[in-house]
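1. Sequence first, predicted model second:
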Amino acid sequence: MTEGSTLVAADVRSTTERRLVEEWAADAHPGAPVVALEDDRFPAAVEGAGQVVPARVTWLPDERGAGERLNLGELLLLSGPRRPWRPLQELITRRRPDGAVVTTGTPASTEQLRGRFLRRYGDEDHATARFPAFVARQAVLACDRAERQVLGNRYKVPRLIAEQLLDSTSFDMGLRELAGQLGRDIRGLRKEAKAALEELIAVQSPLAIDVWRTVLRPMHAKAWNVEVDDSALDHLRELNRGHSLIFLPSHRSYVDPLIIADVLLQHDLPRNHTLGGANLSFWPFGPLGKRAGIVFIRRSFGGDEVYKFAVRRYLGHLMAKKFNLEWFMEGGRTRTGKLRRPRYGILRYLVDGLDLHDEADPIVVPVSLVYEQLHEVASMAEEEQGGTKQAEGLAWFARYVQSQQHHLGDVLVRFGQPMSLRDALSDAGEGPSQLEKVAFEVATRINDVTPATSTSLVCLALLGERDRALTVEEIGHRVTPLLDYLDMRGIERPKDDLRHPIGLCRTLGRLQDAGVVEVFDDGPTPIWSIRTGRHHTAAFYRNGALHHLLNRAIVELVVLYVATLPDGENHLDLGWEEALRLRDLLKFEFFFPTKARFRDELEAELQLLSPTWNRTDGRADQAERVLQRALRTAEDGSSAAPAGPLVAHHVLRSFIDAQVVTAAVLVDTDGHIEPDTLVDRSLSYGQQMLRQRRIHGAESVSRELFGGTALLADNRGLLDGGPTAAAAREAYREELDTVVQRLQRIADLDRRPWRISEHTVDLDSPAPAVAGGTDG
């Protein structure tokens, strides 16, 4: 090869691909040598070249369509339209000559490549040894970029990440600094870091992505229709041109990442690097998933500094190269139907990795997934009552797939307002709560776009009645004001028309098929109720919409609090203080905005409930009439004031009751108590108090809820057994009793007679007394 000549750097994997590249080169670059990247002659060829032209063969799919899965033959051969089995490649080129094209990356002179190499590594002494490998990596990346113009962004996959990281000066300097901190030998540390990277890195390939989709498709394909906001995806595609996207979805099901992957594929967005727990890396899904973009991360690695270092560097590299990430901040699937408190570990490593790349500006994308029904809710409900979680494995997978073979309704995928991660960190300010503020903002944006489903509203109506059955008309009288309220707030509500019996019966029928509700139809009118033992499942569906009603519920409690104030008191200031006390009680169950924004939201909610509050209704003697007038308005359709509903007893009772149980445990305990012990005892106490009808419903007896009450107790210093512990615990129980009494009063106000056909059902009948008030 003469100095200054052209070298065709061929990224080929078979003799057929090499032949096709050579035929192309003979026409496009006559006389130019074609050398495979893995050929032993490649280093010498690079040194003698003046220009390098990357080239590879791109195999084009047939007419089946870009989003279709592999057929059985391709799956068995681990083949596919984008990477045919090598023995079949010659046959394909004869039968379908246009099925293979040579794709070329942007040519570069060796002078340009050497300058780029020195700027990145700054190691001229070793340029001769390392430069050819660098050129080979650049050729692969250039071919990848060119190939995406042919196949689309859905197959944007990272290549040679381990090599790029291990060869970088920054990585080497970081390892040397870590070696000094740990007092370790750099050679052993480098070997350990390489092993950690190999464990972490997802080595994506188009073939593995197609195989993964085909193998796992039975987990969700028949169960749901996917409904997505297309306009939001158009915006994300534009953002992705200049930024890495970080998708942070709510986590309700094992199939969440599969649903998101299908949505992105259909809209020509690259596949995410999905960070998942190593518990799901069992064979054969672990090895395959790793090649399809799943990054399996150890559940715990707090003491492994080398592994931490590898995680930071890997995530930082992906963001710098504008690859997209996805993980579930909640750490695991929600057991209650509402967002769990976030875990900050991965976010912390992500921010550390961001600090290494000043040019990276990733965009956080909150994602809401809501399922009309979920088969796996039943097993999670059992875990909430003290059951054991089933271990994942092949047998588990087979059972799961079998359970997913009947239709369960729709899954609604919504994307919240994106935000720059750097801007979010800046807005949160420096300090130990910075990541918490960012995570809470993500959760708030997820909640903002989460639709209320028909199952959530129907379950809310039924759960509010303990075990009392309702007719379809009675359910409609409870649901219709909720629909009015959602419309008034501009919140997305169910497609089913729940204002009419047909829509209600359709939803009730789906819940009956799922075993959540039951109907008694031997009397004059069919009546519906929650099936025995399925209250936790019903609460799961209900809780998915509660955040939309939370401010309303708090305002109702504040209004009743104002009604107890003596004349002359400043009802606005004292009402605001009461709102903050309620916020503090609920802070481990719901996501609240800043206090300033919270006050603005409550004032807006109060205006909806009572436009004249500041002038007249704020007086103590008028406060309760505000709630009564809202109910009358809901009944007669008047526009004098916003229609009901009264929701506090529906929204908050199960969470306050869980605290009532925990408070009973604390009062009955002498000395210090550990959080785990408190949770276990609360489960036992809760079962007893439920049987005594001292709490409203079975859904309050929940391991997840008691985990939140334990956090609150710890936050308030109630776990310690100091000299003031008994008084503090008793004060906590008394505080909860007053809240329960107000919730019960709102429930009593909400009871009113409805005429059904020629029968009148009186809902004003007294209920038995319980601790803290009468049962709602």
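-> Yes, it's here.

2. rest of the way, CA atoms for contacts and neighbours
-> Fine.

3. gap between stretch 560-570 and the chain center?
-> 42 Å (CA atoms, centre = their mean, to the nearest Å).

4. again, but for stretch 247-265
-> For stretch 247-265 - counting by CA atoms, centre = their mean - the centre lies 8 Å from the chain centre.

5. Then stretch 95-105?
-> 40 Å.

6. Between the two ends of that stretch, how far is it?
-> 27 Å (CA to CA, to the nearest Å).

7. contacts for it?
-> For stretch 95-105, the surrounding residues in contact (CA atoms under 8 Å, 6 or more residues apart in numbering) are 20-21, 24, 53-62, 92-93, 139, 142-147.

8. Just the buried residues of those residues.
-> For the contacts of stretch 95-105, a burial check counting by 16 or more other CA atoms under 10 Å picks out 20-21, 24, 53-61, 92-93, 139, 142-147.

9. and those residues, which of them are in helices?
-> Leu20, Val21, Trp24, Ile92, Thr93, Ala139, Ala142, Cys143, Asp144, Arg145, Ala146, Glu147 (DSSP state H).

10. Please report how far the fifth one lies from Asp144.
-> Thr93 sits 22 Å away from Asp144, going by CA to CA.

11. same thing with the third one?
-> Separation of Trp24 from Asp144 (CA to CA): 18 Å.

12. what's next to stretch 115-124, contact-wise?
-> Here stretch 115-124 has contacts from Ala127, Phe131, Phe134, Asp167, Ser168, Thr169, using CA under 8 Å, 6+ apart.

13. How far off centre is stretch 295-307?
-> 21 Å.

14. tell me the mean pLDDT for that stretch?
-> For stretch 295-307, mean pLDDT rounds to 85.

15. Please identify the helix or strand for Ala596.
-> Using DSSP states H and E, Ala596 sits in helix 595-609.

16. Now do the buried residues in that helix.
-> Those would be Phe598, Arg599, Leu602, Glu603, Glu605, Leu606, Leu608, Leu609, for helix 595-609 by 16+ other CA under 10 Å.

17. Now do it: which elements does it pack against?
-> Applying 3 or more CA pairs under 8 Å, 6 or more residues apart in numbering; DSSP states H and E, one finds that helix 595-609 contacts helix 550-563, helix 620-636.

18. Counting by contacts, list what the first one packs against.
-> Going back to what we said before, that points to helix 550-563. helix 571-586, helix 595-609, helix 620-636, helix 648-667, helix 725-750.

19. who wins for proximity to His375 among those?
-> helix 648-667 (23.0 Å; CA to CA).

20. quick one, the next helix or strand after the closest one and helix 648-667 angle?
-> Next helix or strand after helix 648-667 toward the C-terminus (DSSP H and E): helix 675-691. Put simply, helix 675-691 runs at 120 degrees to helix 648-667, going by axes from the mean of the first three to the mean of the last three CA atoms, to 10 degrees.

21. ok so, going back, and the buried residues of helix 595-609, which is closest to Asp720?
-> Phe598 (31.4 Å).

22. which ones are touching that closest one?
-> With CA under 8 Å, 6+ apart, Phe598 has these contacts: Phe592.

23. Could you report the distance from it to Thr444?
-> On the measure of CA to CA, Phe598 and Thr444 end up 12 Å apart.

24. Equivalent analysis for Ala208, please.
-> 35 Å.

25. same question, Leu421
-> Distance of Leu421 to Thr444, computed by CA to CA: 15 Å.

26. ok, back up a step: right, and out of the ones in helices among the buried ones among the contacts of stretch 95-105, which lies closest to Ile186?
-> Of those, the one sitting nearest to Ile186 (CA to CA) turns out to be Ala139, at 30.8 Å.

27. Can you tell me the closest non-neighbouring residue to the closest one?
-> Nearest residue to Ala139, sequence neighbours excluded (CA to CA, 6 or more residues apart in numbering): Pro54, at 5.0 Å.

28. what number of residues lie near Ile363?
-> 24 (other CA atoms under 10 Å).

29. and it, what is it in contact with?
-> Leu239, His243, Ser244, Leu245, Ile246, Pro418, Met419, Ser420, Leu421.

30. Quick check on those: which are buried?
-> His243, Ser244, Leu245, Ile246, Pro418, Met419, Ser420, Leu421.

31. For the nearest residue to Asp11 once chain neighbours are set aside, give me its contacts.
-> Closest residue to Asp11 apart from its sequence neighbours, by CA to CA, 6+ apart: Arg56 at 5.0 Å. The contact partners of Arg56, taken as CA under 8 Å, 6+ apart, are Ala10, Asp11, Val12, Glu17, Val21, Val102, Thr103, Thr104, Cys143.

32. Just the ones in helices from those, please.
-> Glu17, Val21, Cys143.

33. Quick one: the contacts of Arg56 as JSON lines, columns for pLDDT and distance to Ala381 too.
-> JSON lines is the format used below for the contacts of Arg56 (pLDDT from 0 to 100; distance: CA to CA, whole Å):
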{"residue": "Ala10", "pLDDT": "95", "distance to Ala381": "56"}
{"residue": "Asp11", "pLDDT": "94", "distance to Ala381": "52"}
{"residue": "Val12", "pLDDT": "93", "distance to Ala381": "52"}
{"residue": "Glu17", "pLDDT": "93", "distance to Ala381": "54"}
{"residue": "Val21", "pLDDT": "96", "distance to Ala381": "59"}
{"residue": "Val102", "pLDDT": "94", "distance to Ala381": "55"}
{"residue": "Thr103", "pLDDT": "93", "distance to Ala381": "53"}
{"residue": "Thr104", "pLDDT": "94", "distance to Ala381": "55"}
{"residue": "Cys143", "pLDDT": "90", "distance to Ala381": "50"}
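
34. Looking at those residues, which is nearest Asp748?
-> The closest of the contacts of Arg56, once distances to Asp748 are taken by CA to CA, is Cys143, at 70.2 Å.

35. out of the helices and strands packed on helix 550-563, deepest packed?
-> helix 648-667 (a mean of 24; mean count of other CA atoms under 10 Å).

36. by contact count, what packs against that one?
-> helix 454-463, helix 550-563, helix 675-691, helix 703-715, helix 725-750.

37. Can you lay out those helices as CSV showing distance to Glu430 and mean pLDDT?
-> CSV is the format used below for the helices and strands packed on helix 648-667 (distance: least, CA to CA, whole Å; pLDDT from 0 to 100):
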stretch, distance to Glu430, mean pLDDT
helix 454-463, 39, 95
helix 550-563, 29, 93
helix 675-691, 30, 96
helix 703-715, 22, 96
helix 725-750, 33, 94
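
38. Which one of these lies nearest to Asn279?
-> So among those, helix 703-715 is nearest, using CA to CA, at 20.7 Å.

39. where in the stretch 501-650 of the chain is pLDDT low?
-> Scanning the stretch 501-650 of the chain with the threshold set as pLDDT under 70 gives 568-570, 614-621, 630-644.

40. One more pass at 90, please.
-> 514, 533, 562-575, 593-594, 606-646 (pLDDT under 90).

41. repeat for the stretch 101-250 of the chain
-> Using pLDDT under 90, the flagged stretches of the stretch 101-250 of the chain are 114-131, 133-134, 137, 141, 144-172, 197-224, 229-231, 241.

42. ranges for the helices of it?
-> 110-121, 127-151, 161-167, 169-182, 186-200, 206-216, 230-239 (DSSP state H, counting those that start in this stretch).

43. any chance of those in CSV, plus distance to Ala713?
-> Formatted as CSV, these follow (distance: least, CA to CA, whole Å):
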stretch, distance to Ala713
helix 110-121, 53
helix 127-151, 54
helix 161-167, 46
helix 169-182, 38
helix 186-200, 38
helix 206-216, 43
helix 230-239, 41
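
44. nearest to Val519, of those helices?
-> Here helix 206-216 is closest among the helices of the stretch 101-250 of the chain (CA to CA), at 35.8 Å.

45. Using CSV, list the CA coordinates for the closest one.
-> What follows is helix 206-216 as a C-alpha-only set of coordinates in CSV (Å, rounded to 0.1, in the frame of the first residue of the first chain):
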residue,chain,number,x,y,z
PRO,A,206,-30.4,-6.0,16.6
LEU,A,207,-30.8,-9.8,16.4
ALA,A,208,-30.9,-10.1,20.2
ILE,A,209,-33.4,-7.3,20.4
ASP,A,210,-35.7,-9.1,17.9
VAL,A,211,-35.3,-12.5,19.7
TRP,A,212,-36.0,-10.9,23.1
ARG,A,213,-39.2,-9.3,21.8
THR,A,214,-40.3,-12.6,20.2
VAL,A,215,-39.6,-14.7,23.3
LEU,A,216,-41.3,-12.4,25.8
